[in-house]
Each structure stands twice: as structure tokens, then as C-alpha cells.
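[1] requesting a structural model of the entry that follows:
(2 chains)
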Amino acid sequence: MKISIILGIIASFTLALAEQETLVLVDNLNIRETHSQFFKSLQDRGYSLTFKLADDANLVLSKYGEYLYKNLIVFAPSVLEFGGQIDTEAITKFIDDGGNLLMAGNAAAGDVYREIASECGFEMDEESAAVIDHFNYDASDDGEHTRIVVSPKNLISSPTIVGDQNSQPLLFEGTGLILDKDNSLVLPILTADSTAYSYNPKSQVKEYPHAVGRKTVLIAALQARNNARIVFSGSLFFFSDEAFNSAVAKVHGDKVTSNQSGNKVLSVRLSEWAFGERGRLRVRSVNHHREGEKESSNTYTITDTVVYRIEIEELKNGKWQPFEAKDVQLEFVRIDPFIRTTLQKKPNGVYEAIFKVPDVWGVYQFKVDYDRVGYSRLYHSTQVSVRPLQHTQYERFIPSAYPYYVSAFSMMIGVFLFSFFFLYYKEEPTKTKSE
Amino acid sequence: MTVEVQAKSRLPQLSSDKQLTFIKLAVLSMAAILSFATRLFSVLRFESVIHEFDPYFNYRTTRYLTEEGFYNFHNWFDDRAWYPLGRIIGGTIYPGLMVTSATLYNIMQFLNITIDIRNVCVFLAPFFSSLTTIVTYLLTKELKDEGAGLVAACMIAIVPGYISRSVAGSYDNEGIAIFCMLLTYYFWIKAVNTGTILWATMTALAYFYMVSSWGGYVFLINLIPLHVLALMLLGRFSARVYVAYSTLYCVGTILSMQISFVGFQPVQSSEHMLAFGTFGLCQLYAFTQYLRAHLSGANFELLFKALLTTLLATLGTAAVVLTLTGKISPWTGRFYSLLDPSYAKNHIPIIASVSEHQPTSWSSFYFDLQVLVFLFPAGLYFCFSKLTDANIFIILYGVLSIYFAGVMVRLMLVLAPVMCIVSGVAASSLLSLHVKDIEPKVEKHEKKKKHENNLVFRSEVGALFVCVLGCLLMSYVFHCTWVTSEAYSSPSIVLSARAHDGARIIFDDFREAYTWLKMNTPEDSKVMSWWDYGYQITAMANRTVIVDNNTWNNTHISRVGQAMASTEDKAYEIMRELDVDYVLVIFGGLVGYSSDDINKFLWMVRIGGSTERGAHIREADYYTPSGEFRVDSDGSGTLLNCLMYKMSYYKFGLVYTEGGRPPGYDRVRGAEIGNKDFNLDVLEEAYTTEHWLVRIYKVKPLPNRGV
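    Predicted coordinates:
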């Protein structure tokens, strides 16, 4: 018993450690200095960062089938090809196996970036294209109007991802992203203003730009179906110390000025979300039973009243705590949902529904599919059979059939009496005629 | 020595009466043993297992019955079949077969004979055909005489038309139903001949057993009233028939309604109306006779006419009203297909797709009955020449079943016994006629001199005739044995073929695949396949299936047909809707197994397109412009890109199947496949058996990163 507890503690400890293992791929180690504030915030939160050059020949993500890292940061826009065992395929496999990815590029980012982006449902604009906004550029811009000022209003309205303290304007310099329309999982975290477009700032605009106005996404995210998270920023500058510290002064328009950009706050929030510190839900327990019973059952009879309880937890500050929401729904499905009801909130993160099983037999599933932007997808289904009444469960006597009961029984009595008289009644010989 | 002498000396001591009984008993028991033995080919050659597709369900339910008891069986809701609809097994089967096996099993366990339930199931049909032999003897004895009975018993012991459904390992309802049917007929003839309530009640009990075991009881409950009607028309209606039929109908109907699958049908559906009407007519007939005896002629005439008109008018209105309100169930498809062979084919693809429901070809009459085909008319002649109540019954039975056997191959089974009985009558009559002539006895010669002198070579002709008939009967025996051995004893679950050097090759792919499913897939995974394999998958692999051989829900089967006939994307939607985890197809192109899914594919298209949701699937799209069904490069594009094609031929383009042919040569269709180079997007190959007979695919989950 004790040993198992100790083993459990050790296991959870190592698991916690493994959660924090992060590989950072950089162009040159100089980035460690230019982006020191961002990395420091990660280290302060307990991540152990391993810095490697992106073209290091000894790069590995996994050893003996086990991943060495849980998170991957790629801040290497100039890389042409990753070194070692890492390539686009290895990274997508890393994501499919549950790893998180934070990636930032710039206008010069190469084809590797494009490949990874398209694997994740975004499209990076052509090489050397940058987001240009002639109306919203910063005072520190060098004349190409590529260092743009983005209002925090353009952020996705999901406090889970971006937090709720984004009031400062944001500085952005880099390439634009376009989201794949067919992919329902991608999220535009930050979009450009309607005056922006993405094109090579050095050349004349000859063709219609790929990304124009609000369709130009600056930071995009994707939460895969296995709840791996990817944050893809078109700007590496966005995470730099320079962007964190600099004051913002918009040249045109409403003259937005601020002593400090909102980049730092947002970057930290984004990294928290990307690496799974926030917005994670899990099902702690599920039980369902007939009303009035305690035992769980896999078989219900039609028109039973069923109690379904699910306990949901959310990861908050590194601890699993009861999840609070009002919109968790339960479906009772047999091809189509026969019942869809909002679960009632009970204390301690327990949600409960009491409902009557439909009068149709078959194999059903209790389905809780809670999919909200920013939260990991909570999906739980339990299969149960709903059977018809057993032969002992039907009503024995139906009121409308009483005439038939009466007729049947009276018939039986009648036949009995008739045969009794027929057999034992002896007619008195009538003597009148003979007389 | 002494024993032999004793035996020799003892034999003459038996009186001739006892000798006769001894011979009869010997012949009858030999016939019974023969009928058991000749059905064992498949077990001896292969194994003592259930061999066919359908019986696996019966086997599974029987096992459930023995393990869980009758009430659990009766209330059994099966969530492994027809996912996600489920199936109420207890209320949708004829439980007679399972109850019989379970009873036999329990009796043997009680007697400390430890026999496996599987073996009970395997040998049940041969055992019951032994019993059928005996019942046939009794029935024919009742019709004609003991000699005819013995001949008929010997004939039915080996008649291929009956063997086809009752070999060891084919554990199907028909195996015991034929016995029940003949038993009912025997009791019915007895009841008609004696007019006692006892025999009539026995008939009702036998009828109950029949109802509990096979849906073909409808034939029986129409034949007996027809017999009564015929007797009425021929003026042979008597108190005996009245007692027999009234008792049978009342007791039989109440008993048959106890089978939950039958339920209220005996008083509602049109198939049972003849029995009901005849019952009413019997009462009227008896009543009029009673009145006639008590009234004067003129009064009776008036009353009779008045009553008749009112009665007919009431009955007619009632029938119309009940049919319109749906109380009398409308004419079902199966019934129409009996009357009009093309009905089902034109209207209900699910019925037409079953090979058993196809019209019988003439050759199969000879194949299944051989010499009986020629003896039958002769037997009918003998029946007509001495018309009795019983003979009328057998004539009706013979003529009707010939008609029905012509409509549906499967009903050959009903025809075979009557063929044997009537032929038995014929053979016995002919033989007894001519055997007498072979040894002209002196006294006889003197007595009937005048008649004898009319014909010359009488004894020679007689001898010749007996020889010819003997030869015919011999050839019947050889034919039957050959047919049984070659045609009806090859199981479907294991296939065998001959190699070039004559050695036998066994294809055991089905069981290989089912075992793979059982061992390698999660317990609750759902397997989609065409319905033919549903029962086997549930019984052998113990996995949930979407559709199975109990084709009760046309829309659900149609949905599977649509999935098979659609492109991958469309099919993926259907498969996700039905929570399918694995898809199983049967593919014979590598070894030349012709009843595979590609050859059944047109039925999937037809059935898939027969419902509203499958309206986009049109049969014509799967043919070439010239109207052919081809899988080679001339084949239609729709066919070459549908899910079934892709699953069958995935990676087949890389395989050399026959020398001198290009890779991807399909040996069943005799063509090089048209679409070789393709990948599967929504499926991945999970398992393919040794000879590619069964291919199993896993349905991929939705892509992790969304696209």
C-alpha cells in the first residue's frame, strides 16, 4: 500500500516534470537575449527550457518512442531545414501525439514554416510579404509601415486564451496568415485592422494581395482534436523584449499612445494557454442509474427515469478544481439525439440531469460534448441499451378489456353448467300422450 | 455354430404375421438410420461445426437459452445486432428449434450424457429426419397401406430436396419443421378418419409445434382448410370432419397465438383468413344441416336464401372495413411473391436478393427429386382411382406444393415429402400389382382362368416391369447419394477446392477473419458488412453488427447499401452516423470464389437506392453505357470509385493471380481491374486473410488537425 502511494507520488512528480519540458529552437542563440523577458516568464512558471539551434544535427524530439519534451517553441524564421531528426513530419506527429507548439515567424520565414503552417490549417503569405497598414503604423516604423499598431479590440473574445487584461495596443511586425475556411478548428487570435494588407513592402502592388483587411490574421491558433495546442504568430518581433518594452504611438488616426505595449501581457497569456496551463477540462467521474437506485446499470427499460451525473474539473493554477458553467448539455443519442437537456449544476463541479428514457428501444449513448473556444474539448460518451418491457412488466389487467374478461368467464361458467345439466338432468317421462 | 442353428431353427418358429412385423420393423429402422447416416458427409469430411451462414444465429440463441434459461431468452433484447436499433430476439423468432435443442441437451445432461450443446445443434437435423422417416411411414400407411408406407419412408430418407436443408451442421428451422408438418398431417388424417376430439387435439398440438418452429406453418394452416373446403364441395363433409376441424382451429389458433412472434396474426392477417372463413363455413354448414332436418322443404329454402344474402353482405362489408382500417393486415410482399413470381423482383429488392426466393428452374426439380418426378403422376392416378378423404388431402397437398415449389426454390422442401409419399403409393401399387404375376399360383390359376388367359407372357412382363422399377429405384439411390455428397454437403463456412494434382485445398478464411476480429478489436466495436455475414460475425466474432440476416428493417439495410455504393466521403458520413469501427468485405477475386460482395454488389445498389435517403443512388450509374456490369477499365466511373470497389480491390493491382495475366486480374469476373492505383482516405486496411477472402478495414477517426 505504502509502496504504491510512493510510486504514485513519484509518478505524478515525474509526470509534472515532463509537462514542463520544453524545447526551444532558435536561429541563433542571440534570440535568447533579445527575447529574454518572454523566456524568463516561462522559466519563472517552472518550465525547463532547452535551447537548441534549429539546424543542430543532433536534434531529437523523442527517444525510444517516448517524447523528451511536452512543448515545442520554434523561434527560427530563417531556418531552411531543421537539423537532426526534426522535420515537418516529425513536428506534425509530435502534435498528433499530444505535444504543444508555439511558433513565430517573420516576413523572411522559409518553406519549412509554410509547410508546418499548412499542416495546421493556416496559410502563410509568400516569402518576404509583410503586413502593411498605412493608417496604423507605429512611430518607430522605418518607413515601410510594417510595424503596425493593433488595437486589443481585434483580439478573439475568449478570456481563456488571451486573458481579460488586454487594454494596451499591440505592436506587430511580420507576415500575415490566412485561415483555411474548411478547417473548423482554427482560431484567429489576433486580426489586423481593415486597412491592412499583406504584400512585399519593397515592390509595387501589382496583384491583389492574398490577405486584405480583417482577413489578415496576425496570430492564429489551433486546438487539435487530441487537445494539442498550436499558436502560430506571423511575427517573431511580437515576443521580443523590444516589443515588450517600447512605447506605442500611432502616427495617424486617433493618436493612440501608450507607455508600454500590451505585447508582454498577451504573450504570457498565449504561452500559458498554448502549454495547457489554462482552459483544460477533464471528466473526473460519470455515473448514471435509475432514479431511486444506487447501482449503475448498463441496461434501462423504456420510460425509466434516469439520473445522469458527470463531474467536470478545470485546471486552475496547476490544480484540478471544480468547473463552473451553466451551459453543459447532455444528449441521449440513438443516431439522432432523442433527448437534449442542459445539465443542472450541483456543488463540487457535479452536473446532473434527470430525465425519462424515450419510449423507443435501442442502443443509446449518453453524450456530453462540451466544446467551447479556449477550452479543451470535453467529450464523454457512455453506451447503454434501452430494452422493451419484459413479459412480466406489462399490465396484467387492462380496464378497457373488462367486458372480454366477463364474457370469457361467463362463457366458462355457462359451458360448465350446461354440461352439468346435459349430463345429469333426466327428463320426466310425459305420460299425457300415452294416456 | 450352435447360435446359427438356433437362429435358423427359431426363424421358422415365428408365425408369418410376426415375420412380417419383424421385416417391417427392420426396413423402417434401417430407413431411419440411413436418413441419419447419409446426412453426415459434411461432418465427416470437415468438422462437427455449424456450416452455414444463417444457422449461426440459431446456434447462438440456443447457447443463450441453455445458459440463461427460458425466461431470459424470451425477454432477450440483443444489443449486438442491428446497432443502434437492437433487436428483441424473444419476440422475433420461432423458438421451436432452440427449445427443442435445449430440451434434448437438458435431458442428456440429466442422464449424465455429457454432450456439448454444439453437437446437439449439429446433429439435430439428421436426428429429426430420422423421425420424419417414421412419420412418413405412418402417414402413408394411413393413406394406403403399410407397403406403400415403407417405400415412402425409404424414399424420404434420402430425397435430396429434403437433405439440402437438413444435413448435419445446417442447424435451421426447416430441419425440424418438416417433421412437425408431417406429424400434423398424420394426426389430421387420423382425426378426419376417426372423427375423435383426441386426434384433433393431437393435431392442434402438432400444429403448435410447427408454428413454434417455422414460418412455413402458413402453408399448413391454408392447406387443411382447403382440404375441408374440398370435402364440402365434394359432398363428403361429415360430422367427423366437423369435429376434427373445429377442434383443430380453436385449439390450434389459441396455441399459435402464444408464440410472441405470431401474436395476433392468426386473427388479423390475410394469410390466415382462409382458415377462419372455413371455420365459419363449417358452423354454417352444420347449422343448415340441422335446420334441414327439422324444417319442411319450402320453409328451409326461404330461410336459407334470406340468411345467405344477409350473411354475405355483412361479411363483405366487414372485410372491406377491416382492410381499410388496417385491422386485417394488407397483403404482404412475401405473399404476393408466392402468387406472382415477378412481384418481389419488381417491388421489393430485399426479398428478391435472397437466392432462396428465386423461382425454381426445371432442372432442379429433377436434381432434387429424380425418379419421384415420374412416379408422382402415377401416384396421383392411384390416389384418384380410390378416392378417400385422406387421398383428397394428399392430392391437394401435392398439387399446391408443386405450384409453390415452382415459385420459390426454398419451398422445394415442402414438395419433397409429398413427392415421396405419392411416389411411395405409386411404386408400392405397381409392384404389388406385378409381383403377384411373377409366380402364378396354381390355385389362383384355376380360379381365374378366364382372366388369366387374356394376357400372354404375364409373368415375364411382370418380371420385366419389376426389374425396370428396381433399376429406377437403384438409380434413385445412387443419384441421391451422389447429390448429397457433392452438392449439399459442402459447407459455406469452410471452402474447399481441388489443386491441379487433385489434392484438396481448404480455404478457412472466414473463421480466420472472425477470430482476428474477436482477438484484436475492442469488445464494443461495431462492424459493418453486408447483411449476409451479420449472424456469423455476432456468433463467431462476438462483435456488434449493423445489419444481419434477419432482414427486418429495410431502411437500415438500405443505409449500409448506400455506404457501400457511395464514394468514400459520402460513405464516411454514413459510417460516422452509425458509429462504425470496422468494415468487412468478402472478396473472391484472388481465389475465384464467386459469391463475393462484388457479385452481390448490384443488390446493395438496388436496396440502397430503394429508400428516400438513397434516392441519389441509381442502378444505371453502375453499368457501362452499353448496360454491362464490368469492373475493368471499361466499367462505369461510379462503380470504380465506390467504397465497395475500393475495399475489394485495395492493393489488388499489385498482385499476380494467374500466369500469363497482368497484375490485378480478377479471377471471378475474368477481367483486369480498371482502377488499380488508389489510396483509401477514410479507411485503413486492418486485416486481410490468407486467400484475401475476407478483408477488414478500420474506419479512421476524424483528422486530428482538422483537415
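
[2] what parts of the stretch 51-200 of chain A come near chain B?
    With Cβ under 8 Å from any Cβ of the partner chain as the criterion, the stretch 51-200 of chain A comes near chain B at residues A:92, A:95-96, A:119-121, A:180, A:182-186. Every C-beta, even on glycine, is put in place using the N, C-alpha and C of the backbone.

[3] now neighbour count and pLDDT too, for those, in a markdown table please.
    Output for these, formatted as a markdown table (neighbours: other Cβ atoms under 10 Å in any protein chain shown; pLDDT from 0 to 100):
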| residue | neighbour count | pLDDT |
| --- | --- | --- |
| A:Thr92 | 19 | 92 |
| A:Ile95 | 22 | 93 |
| A:Asp96 | 16 | 92 |
| A:Glu119 | 18 | 90 |
| A:Cys120 | 26 | 89 |
| A:Gly121 | 25 | 88 |
| A:Asp180 | 18 | 87 |
| A:Asp182 | 9 | 87 |
| A:Asn183 | 15 | 88 |
| A:Ser184 | 10 | 88 |
| A:Leu185 | 21 | 91 |
| A:Val186 | 24 | 92 |
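
[4] mind putting the residues you listed in a markdown table, secondary structure included?
    Listed next are these as a markdown table, based on DSSP: H, G, I helix; E, B strand; the rest coil:
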| residue | secondary structure |
| --- | --- |
| A:Thr92 | helix |
| A:Ile95 | helix |
| A:Asp96 | helix |
| A:Glu119 | helix |
| A:Cys120 | coil |
| A:Gly121 | coil |
| A:Asp180 | coil |
| A:Asp182 | coil |
| A:Asn183 | coil |
| A:Ser184 | coil |
| A:Leu185 | coil |
| A:Val186 | strand |
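
[5] surely B:Thr62 is within a helix?
    Yes - when three-state DSSP is applied, B:Thr62 is found to be in a helix.

[6] quick one: contacts for it?
    B:Thr62 makes contact with B:97-98, B:101-102, B:117, B:120-121, B:171 under the criterion Cβ atoms under 8 Å, 6 or more residues apart in numbering or on different chains.

[7] coming back round to it: nearest to B:Met257, of the residues of the stretch 51-200 of chain A next to chain B?
    The nearest member of those to B:Met257, counting by Cβ to Cβ, is A:Ser184 at 55.6 Å.

[8] with adjacent residues omitted, what lies nearest to that closest one?
    Closest residue to A:Ser184 apart from its sequence neighbours, by Cβ to Cβ, 6 or more residues apart in numbering or on different chains: B:Gly706 at 6.3 Å.

[9] for that neighbour, what are its contacts?
    Contacts of B:Gly706 (Cβ under 8 Å, 6+ apart): A:121, A:180, A:183-186, A:222, A:224-225.

[10] then A:Gly262?
    A:Gly262 makes contacts with A:152, A:166-170, as judged by Cβ under 8 Å, 6+ apart.

[11] just the buried ones from those?
    Among the contacts of A:Gly262, those that count as buried by neighbour count (16 or more other Cβ atoms under 10 Å in any protein chain shown) are A:152, A:166, A:168-170.

[12] which member of those is positioned nearest B:Ile33?
    B:Ile33 lies nearest to A:Asn166 out of the buried ones among the contacts of A:Gly262, by Cβ to Cβ, at 93.4 Å.

[13] next one: phi and psi at the closest one?
    A:Asn166 has phi and psi values of phi -90, psi 90 when expressed as degrees, to the nearest 10.

[14] roughly how far does it sit from A:Phe39?
    Look at A:Asn166 and A:Phe39: by Cβ to Cβ, to the nearest Å, they are 21 Å apart.

[15] in the stretch 301-450 of chain B, what spans have low per-residue confidence?
    The stretch 301-450 of chain B contains residues with pLDDT under 70 at B:326-352, B:440-450.

[16] number of nearby residues for the closest residue to A:Ser194 other than its chain neighbours?
    Distances taken as Cβ to Cβ, 6+ apart put A:Gly213 closest to A:Ser194, at 4.4 Å, once the chain neighbours are dropped. For A:Gly213, the neighbour count with other Cβ atoms under 10 Å in any protein chain shown is 14.

[17] list the residues that contact the closest residue to A:Ser48 other than its chain neighbours.
    Excluding the flanking residues, the one nearest A:Ser48 by Cβ to Cβ, 6+ apart is A:Gln20, at 5.6 Å. Residues in contact with A:Gln20, defined by Cβ under 8 Å, 6+ apart, are A:46-48, A:70.
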